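Asker: return a 3D structure for these sequence lines:
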Amino acid sequence: MYVEKFLLSHGSHDAILDTKMEMEGGFMHKVIVADDEPYTLEGWRTMIDWQACGYELCGTATDGEEALSLIGQVEPDLVVTDIQMPVLDGLGLIRTMREEMKNNAKIVIATGYSEFGYAKQAIQYQVDEYVLKPLVTEEIHQILLELITPLNKRRDEKKYTRTIDSGNEVTTHRSMGLDAPEHYDHEGMLSLSRHLLGAIEAGEVSEIQAVVDKILRLIVRSEMSLSQAQSVIRYMHGELLRKFSEKKDCMLLLQDRAWHEAESWTSGKLKGLCIQLSERLSQSLPKKSSMRSPVAEAIEYLNEHYCTKIKLQDIAQRIHVNSAYLGQQFKQEVGVSFSEYIHRLRIEEARRLLRRTHMKISDIASKLGYHDAEYFTDKFKALTGELPSVYKNKSQG
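Answerer: Numbering: from 1, shown residues only. All right, here's what the predicted structure looks like:
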């Protein structure tokens, strides 16, 4: 319960769902801890709610050699180690793991202030996190929960590789009546995802069915890894969570495991969830359910083309209505003006790019249709309360 409250306070809805799904499915990521201080080791055992974070503490060691033995036996997903230990220190343990054992488990280093500069030497061995002693429970929980997503991706990619090795990839393609894999169209996939979000909000069942079919075909035909395919569904799922997390009847559907289970997508489960969600929204969002067709069409178009130069007059002409009427209805039914809605779509995508890519701020501005990076920065700050550079540094550490 504490961990869920902590996550909610930090807005990490995806992490909550990932952790709940792991626990409900009986799967826990395996952890071992190495530290020669008995008091600290006891702290790792008793202060941390491993299970609530989606982990199982599988053993502890008091020196590096003992830890190596445990790693061989347990094959952990995560290794937490102190720096200064007898027999074999933390850096020696990490070096042996990476160079001799070829072990790619996630690594968290726990160290005191005086050793922090020394610990930084371990960066060449791909250490994932550093924790300063004494241990702070909230900080450890946050780190564990942040590591859940990459650990899940690694696990799913291993599953996917095993599936391909066993020849099931061909079966999957044939069962859907599709040809050989084609090149992965990232932009096309994102466009389809936004199209689906618009269809769900507008309550267009036939459109939901058609777009889900297109997404699944593109996933199967593409040369994308499982993690790439899941990232598309996670993006869409995350957007739905962001918009409707306060709607209890919607949250029950959004917590369904099928959103993150690739094997269930082709069975019709994903399509069914999207349709059910749309139906729930039509009941819980009277403003949206009473939305007139011209506004729904405008929103659908904007969700797909907001990065281009769009004028209200152009869309009004496209859907055969008066531009003044469309602008008036848009503000009345959506709650913000036409131009403000476009800016919100662009800034939300900018937040995603700042979190997940290393693109320059000027390149992001250009990509989203802002020809002036300074104007983009002003808009970003007006809608989020902070500069793009500050947001990027906070999001990427």
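Asker: so, low pLDDT: which residues of the stretch 251-397 of the chain?
Answerer: Scanning the stretch 251-397 of the chain for pLDDT under 70 picks out the ranges 257, 260-267, 283-293, 396-397.
Asker: mind running it again at 80?
Answerer: When residues are selected by pLDDT under 80, those of the stretch 251-397 of the chain lie in 251-270, 280-293, 320, 325, 356, 395-397.
Asker: please, where are all the strands along it?
Answerer: Under the criterion DSSP state E, counting those that start in this stretch, the stretch 251-397 of the chain contains no strands.
Asker: count of neighbours near Lys309?
Answerer: 8 (other CB atoms under 10 Å). Where you see a C-beta, it was placed from the backbone N, CA and C, and this is true even at glycine.
Asker: residues contacting it?
Answerer: Gly369 (CB atoms under 8 Å, 6 or more residues apart in numbering).
Asker: mind checking how far it is from Asn104?
Answerer: Per CB to CB, to the nearest Å, Lys309 is found 45 Å from Asn104.
Asker: what's near enough to touch Ser362?
Answerer: Ala373.
Asker: can we see that at 10 Å?
Answerer: Tyr370, Asp372, Ala373, Glu374, Phe376, Thr377, Pro388 (CB atoms under 10 Å, 6 or more residues apart in numbering).
Asker: let's see which of these end up in helices.
Answerer: Ala373, Glu374, Phe376, Thr377, Pro388 (DSSP state H).
Asker: was I right about the first one contacting Leu387?
Answerer: The reference is to Ala373. No: using CB atoms under 10 Å, Ala373 and Leu387 do not qualify as a contacting pair, with a distance of 11.6 Å.
Asker: buried set for the top helix by length along the chain?
Answerer: Using DSSP H to define each element, the chain has its longest helix at helix 137-165. By 16 or more other CB atoms under 10 Å, the buried positions in helix 137-165 come out as 140-145, 147-148, 151-154, 156, 160, 163.
Asker: do stretch 345-361 as well
Answerer: Those would be Leu345, Arg346, Ile347, Glu349, Ala350, Arg351, Arg352, Leu353, Leu354, Ile361, for stretch 345-361 by 16+ other CB under 10 Å.
Asker: please tell me how far the first one sits from Met251.
Answerer: From Leu345 across to Met251, the span is 23 Å (CB to CB).
Asker: need phi/psi at Lys106.
Answerer: Main-chain dihedrals, Lys106, degrees, to the nearest 10: phi -70, psi 150.
Asker: tell me, how many residues neighbour it?
Answerer: 19.
Asker: beta partners for it?
Answerer: Applying DSSP bridges to Lys106 gives these bridge partners: Leu78.
Asker: that one and Glu129 touch, don't they?
Answerer: Yes: in this structure, Lys106 is within contact of Glu129 by CB under 10 Å, at 8.2 Å.
Asker: which neighbours do the two have in common?
Answerer: Joint contacts of Lys106 and Glu129 (CB under 10 Å, 6+ apart) are Leu78, Val80, Leu147.
Asker: any idea how far Val80 is from the residue nearest to Ile143 when sequence neighbours are not counted?
Answerer: Excluding the flanking residues, the one nearest Ile143 by CB to CB, 6 or more residues apart in numbering is Glu129, at 5.1 Å. Here the distance between Glu129 and Val80 works out to 9 Å (CB to CB).
Asker: where along the stretch 1-150 of the chain do the helices fall?
Answerer: 2-9, 13-24, 38-46, 50-53, 64-74, 90-95, 116-119, 137-165 (DSSP state H, counting those that start in this stretch).
Asker: the longest one to helix 38-46, inter-axis angle?
Answerer: It stands for helix 137-165. 60 degrees (axes from the mean of the first three to the mean of the last three CA atoms, to 10 degrees).
Asker: point out where the stretch 101-250 of the chain drops to low pLDDT.
Answerer: In the stretch 101-250 of the chain (pLDDT under 80), the answer is 111-126, 128, 130, 132-134, 155-194, 197-198, 201-203, 215-250.
Asker: what's the closest of the shared contacts of Lys106 and Glu129 to Ile200?
Answerer: Nearest to Ile200, judged by CB to CB, of the shared contacts of Lys106 and Glu129 is Leu147 at 30.8 Å.
Asker: now do the same contact list for Trp50.
Answerer: Met28, His29, Val31, Val33, Trp44, Glu56, Leu57, Cys58, Ile140, His141, Leu144.
Asker: tally of neighbours for the first one?
Answerer: Which is Met28. With other CB under 10 Å as criterion, Met28 counts 17.
Asker: excluding chain neighbours, give the residue nearest to it in space.
Answerer: Per CB to CB, 6+ apart, closest to Met28 is Glu56, 3.9 Å.
Asker: residues in contact with that neighbour?
Answerer: Contacts of Glu56 (CB under 10 Å, 6+ apart): Phe27, Met28, His29, Lys30, Val31, Trp50, Val74, Pro76, Asp77.
Asker: I appreciate the help and will end here.
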